[in-house]
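Asks: Have a look at this prediction, sequence included:
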Amino acid sequence: MRKSTILQNGLTIVTESVASVRSVALGFWVRTGSRNEFDEVAGISHFLEHAIFKGTTNRNVYDIANELESVGGTLNAFTSQEYTCFHARVLSEHLNIAVNILSDILLNPTFPKAEIEREKEVVLDELRDYQDMPDDVIFEHFDAHIFPNHNLGKPVIGNESSIRQFNSDKLNQYLNENYTPEKIVIVAAGFVEHEQLLNFVDAYFQIKRKTKIIGNIVPENDARRGKYVFQKDISQSHMIYGTRTVSVHDNNRWPLAILNSILSGGMSARLFQNIREKYGVAYSIFSFVNLYEDTGTFGIYCATEKSKSEKAIELIKQELEIIKKQAIPELELQRVKAQYKSGVVMSDESMERRMIRLGRQQMYYHRNFSLDEFMERIEAVTANQVLELAQELFNYDAFLTTILEGENTI
């Protein structure tokens, strides 16, 4: 059973009770991420996610980690372009401890100077790890060119210059301006009673901050097009061929989900079968969709030998052209829908995945879709809707190609 409550201060609390489990996945979601940052504090959303665990007025850094782990729980966090989530997993009888700790780190962080300086080096190591991974680097290049004049095109982690300048004053200012009740959603999934969680929140999470509104609409028609090649000391070529697409609020997101699955929904999908299996030009190939508040991206990633890059792009275009010209056969459409729906159902068997689904829906829609409603939306997608979307989306003049390849040797 799912319940939700909006408190007088704007804070939203959502629970989904599952009687067949004895654990609870708890998430404190904040509607802020890297797109909300100014250039001089690039990466502060992600850094704050790290720094907030480094001590409070009530707990030191060890206490924060040990208190939940000592009762078998786990504690973690992640940051995206548009939201940040602090989450815990505990047995149901320890939910009060999880709410207490997450409340404490969000309300009472002290940002000790020594801990902050130490964490800078940790985050800089994380940044260097990303830079050593060509499949991560090519996505950064793609985003930077598809959103050249917006924070969506910049790495969530920030850059070395901005990271080194973070201090307690900047962290506190960002926290006070963005971690405000109307931007926070508390979600719990598992063996949980809604009224019980309300009581815990009332006891531990009294928050009265006011939001500072930052406008950052994505400019239209500024995405770069054409081909951009970058070099790195690697043996394979990594490429992305893609374009902008609809936002998370557009009704075409449902046909887009099916279209993406047709291309890349497992070993039987078209890209895998026709480019890897039939022609053998790529070991790794998949399509992807990233949807945001006011825009989105669709693309195809491929890793191949440098000598096969052009062939891979040619074959990808052939596959897209087939989808543009021929409606998906009904048998294939039903298979893809079945795969997609089963993936959602199986994911929901994990309380953490269920909590994340509920949290993301609240971030974007301020409501939750029931599983039945979700299934109905997917089942309602027709072959003609997919065909019309493909004909609109696959405008090759609007596509961007980014390639990361090994440096030429003499």
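Replies: Yes, it's here.
Asks: now stretch 378-394, how far from the centre of its chain.
Replies: Relative to its parent chain, stretch 378-394 has a centroid offset of 24 Å by Cα atoms, centre = their mean, to the nearest Å.
Asks: nearest spatial neighbour of Val71, skipping sequence neighbours?
Replies: For Val71, ignoring the flanking residues on the chain, the nearest one in space by Cβ to Cβ, 6 or more residues apart in numbering is His94 at 4.7 Å. To be clear about C-beta, it is placed using only N, CA and C from the backbone, and glycine gets the same treatment.
Asks: Could you pull up the residues touching the one you found?
Replies: Contact partners of His94, counting by Cβ atoms under 8 Å, 6 or more residues apart in numbering, are 68, 71-73.
Asks: Now render those as JSON lines, adding secondary structure, neighbour count and distance to Thr304.
Replies: Formatted as JSON lines, these follow (DSSP: H, G, I helix; E, B strand; the rest coil; neighbours: other Cβ atoms under 10 Å; distance: Cβ to Cβ, whole Å):
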{"residue": "Leu68", "secondary structure": "helix", "neighbour count": "21", "distance to Thr304": "45"}
{"residue": "Val71", "secondary structure": "coil", "neighbour count": "13", "distance to Thr304": "49"}
{"residue": "Gly72", "secondary structure": "coil", "neighbour count": "11", "distance to Thr304": "45"}
{"residue": "Gly73", "secondary structure": "coil", "neighbour count": "20", "distance to Thr304": "44"}
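Asks: Which two among these are spaced furthest apart?
Replies: Distance extremes for the contacts of His94: the farthest pair is Leu68 and Gly72 at 8.5 Å, using Cβ to Cβ.
Asks: So for the two, which residues contact both of them?
Replies: Joint contacts of Leu68 and Gly72 (Cβ under 8 Å, 6+ apart) are 90, 94.
Asks: Tally up the residues packed near Asn251, please.
Replies: Neighbours of Asn251 under the rule other Cβ atoms under 10 Å: 10.
Asks: Hmm, Phe288 is touching Tyr301, no?
Replies: Yes: counting by Cβ atoms under 8 Å, Phe288 does reach Tyr301; the two are 6.5 Å apart.
Asks: Between those two, point out the one with more neighbours.
Replies: Tyr301 (22 against 16).
Asks: Confirm the more buried one sits in a strand?
Replies: Yes: when DSSP: H, G, I helix; E, B strand; the rest coil is applied, Tyr301 is found to be in a strand.
Asks: All further residue positions should be reported with the first residue as 385.
Replies: In the new count, where the first residue is 385, that last one comes out as Tyr685.
Asks: Only alpha carbons, please: show stretch 664-683 as CSV.
Replies: Presented in CSV, the C-alpha positions along stretch 664-683 are these (Å, rounded to 0.1, in the frame of the first residue of the first chain):
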residue,chain,number,x,y,z
GLY,A,664,31.4,-8.4,-35.8
VAL,A,665,32.4,-4.7,-35.8
ALA,A,666,31.8,-4.0,-32.1
TYR,A,667,32.2,-5.9,-28.9
SER,A,668,30.1,-3.4,-26.9
ILE,A,669,27.1,-1.6,-28.5
PHE,A,670,23.9,-0.2,-26.9
SER,A,671,21.5,2.7,-27.2
PHE,A,672,20.5,4.9,-24.3
VAL,A,673,18.0,7.5,-23.3
ASN,A,674,18.6,10.2,-20.6
LEU,A,675,15.5,12.4,-19.8
TYR,A,676,15.6,15.6,-17.8
GLU,A,677,13.0,18.3,-16.7
ASP,A,678,13.1,20.2,-20.0
THR,A,679,15.1,18.1,-22.5
GLY,A,680,16.7,14.7,-23.1
THR,A,681,19.3,12.8,-25.1
PHE,A,682,19.1,9.7,-27.2
GLY,A,683,22.3,8.0,-28.4
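Asks: Which parts of it count as buried, going by neighbours?
Replies: 665-666, 669-683 (16 or more other Cβ atoms under 10 Å).
Asks: from these, which ones fall inside strands?
Replies: Within the buried residues of stretch 664-683, membership in strands is found for 669-675, 680-683, as judged by DSSP state E.
Asks: And those, which is closest to Asp606?
Replies: Thr681 (13.7 Å).
Asks: Surely the closest one touches Tyr625?
Replies: No: look at Thr681 against Tyr625 with Cβ under 8 Å: they stay out of range, at 11.5 Å.
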